[in-house]
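# what shape does this take:
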Amino acid sequence: MRVFGTSGFRGYVNEKLNPLNVIKLALAFSSFLSDGRIAVGRDARLGNRIIHPTFVSGLLAGGSDVIDFGLTSTPALLHGMRERSEGAAMITGSHTPPDIHGILLFRRDTAEIFGDEEREIEEIFERERFHLASLDNLGKLENGDALTRYREDVRREFPTLRGRVVLDAGHSPAVRDFLYILDDLEMKVLHGEVRGDFPNRPPEPDQKSLELLGKIVRDEGATFGLSLDGDGDRAIFVDEKGDVVPPDRLGILFALEEARERGIRKVACPVNTTGAVEALREHGIEIVYTKVGPPAMAEAILRKGAGFAFEESGKYIWPGNILYGDPVYATAKLLQVLDGMSLSESLSWIPERYTKKGAIPCPDHLKEKLLFKIETLIEPLGDLIKIDGVKVLLDDGSWMLFRPSGTEPVFRYHVDAPTKEKALELERKALSLIRSAGKTAGLENLN
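Numbering: from 1, shown residues only. All right, here's what the predicted structure looks like:
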């Protein structure tokens with residue numbers, strides 16, 4: 001069984017995330033960290049009443065002491081664990097549908113574990129090379145509070161903030177982070193009830209909820225608004241006009257601010273980042289393209305010297321903060337960067353790009369076969385990049401990317417172009433290519 005996907009160990013409760021696999025993963029992580037202290041948090045998903053205590057029990061059985069931060073956001077857990085543990089585990093399905101659950105594993109430096117570390121943990125998992133502690137050496141359990149440290153970390157850099165913000169919390173525990181840490185802002189909250197069944201909005205911001213957020217931002221005369229995902233590590237912003245800000249554009253703005261303030265000359269972003277990011281080269285900034293997901297972005301920071309990283313899902317990573325997405329920090333940083341200027345005005349110079357993306361159902365065992373068939377079809381169209389899936393670069397600067405999801409049983413496509421018409425054309429082309437390849441890869445009902 002493949003343990004890790006793009007980000008963490010994910011699946012359905014009592015299927016991939018059955019009690020046996022959960023406790024095996026806990027024992028493997030404990031053994032990997034040589035029984036060091038481990039911080040644990042969870043989101044509100046309903047299945048976590050099974051997964052959370054099972055995982056904690058596995059850590060204790062392996063001899064690891066546990067700091068249990070309980071119901072929390074992922075960024076809060078990472079702030080809370082700093083200098084207190086050898087690693088951390090967040091039990092969350094993040095942005096995926098409510099019935100999908102997961103476990104994210106983190107290093108001492110707050111980065112999600114890297115690929116070589118994943119393989120080491122997978123080997124321990126598969127071969128069951130666990131260390132089981134004796135009765136006298138079982139781990140000890142303590143409860144932790146993450147918000148105090150989180151507030152200290154953010155307000156140390158941003159002691160005073162002003163602005164009116166509309167927050168669509170999306171039923172995430174991160175609503176408490178915003179209200180506690182950014183308490184000097186005028187803040188209106190939507191979907192602030194923390195619930196694991198996500199009754200009023202899916203865990204990932206969708207078009208309908210973003211339209212509502214945009215309307216309220218306009219009506220309230222807010223500085224901007226933002227919408228969170230299920231565990232509070234992604235943020236999609238809307239400007240003062242209520243228009244959704246593509247995360248890549250905001251990432252460019254943040255990158256230039258880091259270059260101005262800290263002199264950075266290298267930025268990391270995944271291979272599915274829009275072509276607008278190439279504008280950074282005109283400012284002397286090198287772009288390091290990575291695989292999709294926070295582990296690859298953090299690895300580019302730590303091993304390739306990138307001074308900032310971002311991705312189109314709405315994650316922004318500052319090395320001086322935590323090595324993961326942090327919407328509270330991003331909100332404070334954006335208020336600082338704007339300094340009275342409107343968000344739409346601050347982004348107006350960035351070249352427009354148009355993207356389309358989607359996913360089709362695809363069982364895990366057919367993903368690689370489908371990818372191979374697509375690669376064969378697109379090879380004559382242009383230069384191929386195989387950092388993550390396969391991306392074809394077209395003569396006009398447009399591109400198409402095809403990649404199997406590492407978190408869900410779907411196959412993703414993503415296209416990027418300088419005009420709306422070209423983006424729509426490429427989306428039709430991408431779907432046609434998937435259908436053609438799917439017929440020979442064994443996929444049915446691709447309409």
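
# just the strands in the stretch 301-447 of the chain please.
In the stretch 301-447 of the chain, strands defined by DSSP state E, counting those that start in this stretch lie at 308-311, 315-317, 354-361, 383-385, 390-393, 399-404, 410-417, listed in chain order.

# let's have these in a markdown table, adding mean pLDDT.
A markdown table is the format used below for the strands of the stretch 301-447 of the chain (pLDDT from 0 to 100):
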| stretch | mean pLDDT |
| --- | --- |
| strand 308-311 | 97 |
| strand 315-317 | 98 |
| strand 354-361 | 91 |
| strand 383-385 | 93 |
| strand 390-393 | 95 |
| strand 399-404 | 95 |
| strand 410-417 | 94 |
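
# now render these as a markdown table, adding mean neighbour count.
C-beta here means a position set from N, CA and C on the backbone, and glycine is covered the same way. Formatted as a markdown table, these follow (neighbours: other Cβ atoms under 10 Å):
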| stretch | mean neighbour count |
| --- | --- |
| strand 308-311 | 26 |
| strand 315-317 | 25 |
| strand 354-361 | 16 |
| strand 383-385 | 13 |
| strand 390-393 | 20 |
| strand 399-404 | 23 |
| strand 410-417 | 23 |
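
# tell me which of these lies nearest to Lys291.
Among those, the nearest to Lys291 by Cβ to Cβ is strand 399-404 (9.1 Å).

# elements contacting the closest one?
Applying 3 or more Cβ pairs under 8 Å, 6 or more residues apart in numbering; DSSP states H and E, we find strand 399-404 packed against helix 364-378, strand 390-393, strand 410-417, helix 420-441.

# that one versus strand 354-361: what angle between them?
Relative orientation of strand 399-404 and strand 354-361, computed by axes from the mean of the first three to the mean of the last three Cα atoms, to 10 degrees: 20 degrees.

# can you give me the angle strand 399-404 makes with helix 364-378?
160 degrees.

# tell me the contacts of Phe224?
Contacts for Phe224 were tallied using Cβ atoms under 8 Å, 6 or more residues apart in numbering; they are Gly163, Val165, Val166, Val217, Phe237, Val238, Asp239, Glu240, Val245, Leu334, Leu343.

# filter those residues down to the ones in helices?
Taking DSSP state H as the definition of helices, these contribute Val217, Leu334, Leu343.

# from these, keep the buried residues only.
Burial by neighbour count, judged by 16 or more other Cβ atoms under 10 Å, picks out Val217, Leu334, Leu343 from the ones in helices among the contacts of Phe224.

# now these in TSV, with distance to Phe106 and pLDDT?
Listed next are those as TSV, based on distance: Cβ to Cβ, whole Å; pLDDT from 0 to 100:
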residue	distance to Phe106	pLDDT
Val217	33	98
Leu334	25	98
Leu343	31	98
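
# per-domain residue ranges of this structure.
9-145, 149-238, 247-347, 354-441 (automatic domain parsing).

# where's the second one relative to the chain centroid, distance-wise?
Relative to its chain's centre, domain 149-238 lies at 16 Å (Cα atoms, centre = their mean, to the nearest Å).

# span of that domain from start to end?
One end of domain 149-238 sits 28 Å from the other (Cα to Cα, to the nearest Å).

# the longest one too?
Domain 9-145 has an end-to-end distance of 25 Å (criterion: Cα to Cα).

# tell me the two of the contacts of Phe224 that are most distant?
It's Gly163 and Val245 that sit farthest apart of the contacts of Phe224, by Cβ to Cβ, at 15.3 Å.

# run through who's touching the helix or strand hosting Tyr150.
Element membership for Tyr150 (DSSP states H and E) is helix 147-157. Helix 147-157 is contacted by residues 75-76, 79-80, 82, 176-177, 180-182, 320-321, 328-329, 332 when judged by Cβ under 8 Å, 6+ apart.

# buried ones in it?
Neighbour counts over helix 147-157 (16+ other Cβ under 10 Å) mark Leu147, Arg149, Tyr150, Arg151, Asp153, Val154, Arg155 as buried.

# let's have these in TSV, adding distance to Val66 and pLDDT.
As requested, the buried residues of helix 147-157 are exported to TSV (distance: Cβ to Cβ, whole Å; pLDDT from 0 to 100):
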residue	distance to Val66	pLDDT
Leu147	19	97
Arg149	17	97
Tyr150	19	98
Arg151	23	98
Asp153	22	97
Val154	25	98
Arg155	28	97
